[in-house]
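> Sequence first, predicted model second:
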Amino acid sequence: MERPYEQIRRMVKLFEYNRLKLRFRNEDERARFIDGWAERFCETDDAEWNIAVTIMTARRREPNFYNMEKALREAQGIRRERVFDKERKEMQNGEVSSWEEKGHDKKTIRWKTKITLSIQRTVHKKSLAYARLI
């Protein structure tokens, strides 16, 4: 994550604005909270982090490590779904996909498409529920 302290500070402000449970007795406790989260999630991808913060805010979850890690796993699933959609559209349009560029044959691509479509059906139901929350 680029500039993790700045991103965590923005997240704290967003949570406070939305009245999520953040109780700091003083500024030192607030700084410790930001340090802990920055150390724990500094390796997280920016896009996944933003999606996870949106999920946490939309669902009004208590800001703790467990809920954030759960939201990050869900954000990774959403990102994967977008990649699968892009790959599927490329294959339908007859364009050269990144699979073919990597040297995979068409049988592998067909197999991947079948798996992708079955996963998309499962993930699509979850993403519809997520979209209603946002």
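Okay, I see it.
> Kindly give the local confidence score, pLDDT, for residue 130.
Listed pLDDT for residue 130 reads 53.
> An error on my part: the question was meant for residue 73.
Reported pLDDT at residue 73 in the predicted model: 89.
> now residue 103
55.
> Residue 51 now?
For residue 51, the model assigns a pLDDT of 86.
> again, but for residue 116
61.
> go on, residue 64?
79.
> quick one, phi/psi of it?
Backbone torsions for residue 64, taken as degrees, to the nearest 10, come to phi -140, psi 170.
> what sits against it?
Not one residue lies near residue 64 by Cβ atoms under 8 Å, 6 or more residues apart in numbering. (C-beta placed from N, C-alpha, C; glycine too.)
> same thing but at 10 Å, please
When contacts are counted by Cβ atoms under 10 Å, 6 or more residues apart in numbering, residue 64 touches 21, 37, 56, 70.
> Nearest spatial neighbour of residue 53, chain-adjacent residues omitted?
Distances taken as Cβ to Cβ, 6 or more residues apart in numbering place residue 11 nearest to residue 53, at 5.2 Å, with adjacent residues excluded.
> And that neighbour, how far from residue 37?
Residue 11 sits 8 Å away from residue 37, going by Cβ to Cβ, to the nearest Å.
> Residue 55 contacts residue 70, correct?
Yes: counting by Cβ atoms under 10 Å, residue 70 is a contact partner of residue 55 at 8.7 Å.
> With neighbour numbers in mind, choose between those two.
Neighbours per residue (other Cβ atoms under 10 Å) separate residue 55 from residue 70, with residue 55 holding more: 21 against 15.
> Can you check the pLDDT for that one?
Confidence score, pLDDT, at residue 55: 85.
> Same question for residue 119.
In the predicted model, residue 119 carries a pLDDT score of 60.
> One more: residue 48?
Looking at residue 48, its pLDDT is 86.
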